[in-house]
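Chemist: mind folding the following:
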Amino acid sequence: MGAANAFVVGTSLMQYQQQGTIGKYNQAANERTGQVLDNQAIQIEQKAEFDVAQFGKTYEKVKGETRVALAKSGVQTGTGSAYNIALANALEKRLQENLIYYNSKIAADKKREEANFARIKGQIARQESKLAQLRTVASTGTSLITMNKGSASGVKA
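Modeler: Down below sits the predicted model:
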């Protein structure tokens, strides 16, 4: 009878340890996913800075080409239509920069939310493994009680 009890306890202990290990692994994997997603959010924000700088270069090139084209056609820069064109272009530049920053902020925030969700999934996985461990302990206790009741009633018979 002692060997059967020892077998149940031994296998249950192994199961208990495995459940804990799996829970910790799943939590660590989800934490890593969260870190990767956080890094992606940072990269998105850095890319926005790069995109704004590139757009600024393009804008300055177009601005210069427009100024040259206006000068070639005899239009005085800084007045009338030339001024209106320059103002409209400057406003469009500001709008495009704001749009680049806005889109990157939305994308970065989405990545951070995904990162938070991954971490929550990891915490849930860890808690589920702890619950599984509790079920294992309870099941082991029930099995031992049932086995010992059966043997006790078998001895009396």
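Chemist: need the next SSE after the helix or strand harbouring Phe7, C-terminal direction.
Modeler: Using DSSP states H and E, Phe7 maps to helix 2-72. Downstream of helix 2-72, the next assigned helix or strand under DSSP H and E is helix 80-156.
Chemist: packing partners of that next one?
Modeler: In terms of contacts (3 or more CB pairs under 8 Å, 6 or more residues apart in numbering; DSSP states H and E), helix 80-156 is packed against helix 2-72. C-beta here means a position set from N, CA and C on the backbone, and glycine is covered the same way.
Chemist: what residues does the spatially most central residue of the chain make contact with?
Modeler: The centre of the chain sits closest to Ala115, judged by CA atoms, centre = their mean, with a distance of 2.0 Å. Ala115 is in contact with Thr33, Gly34, Gln35, Val36, Leu37, Asp38, Ala41, counting by CB atoms under 8 Å, 6 or more residues apart in numbering.
Chemist: can you give me the pLDDT of it?
Modeler: With respect to pLDDT, Ala115 scores 97.
Chemist: please renumber so the chain begins at 817
Modeler: Understood, numbering begins at 817; the last thing we discussed is Ala931.
Chemist: returning to what we had before: which of the contacts of Ala931 count as buried?
Modeler: Buried subset of the contacts of Ala931 (neighbour count, 16 or more other CB atoms under 10 Å): Thr849, Gly850, Leu853, Asp854, Ala857.
Chemist: now these in JSON lines, with pLDDT and distance to Arg951?
Modeler: Below are those laid out as JSON lines (pLDDT from 0 to 100; distance: CB to CB, whole Å):
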{"residue": "Thr849", "pLDDT": "97", "distance to Arg951": "27"}
{"residue": "Gly850", "pLDDT": "97", "distance to Arg951": "28"}
{"residue": "Leu853", "pLDDT": "97", "distance to Arg951": "32"}
{"residue": "Asp854", "pLDDT": "97", "distance to Arg951": "34"}
{"residue": "Ala857", "pLDDT": "97", "distance to Arg951": "38"}
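Chemist: alright, I will stop here.
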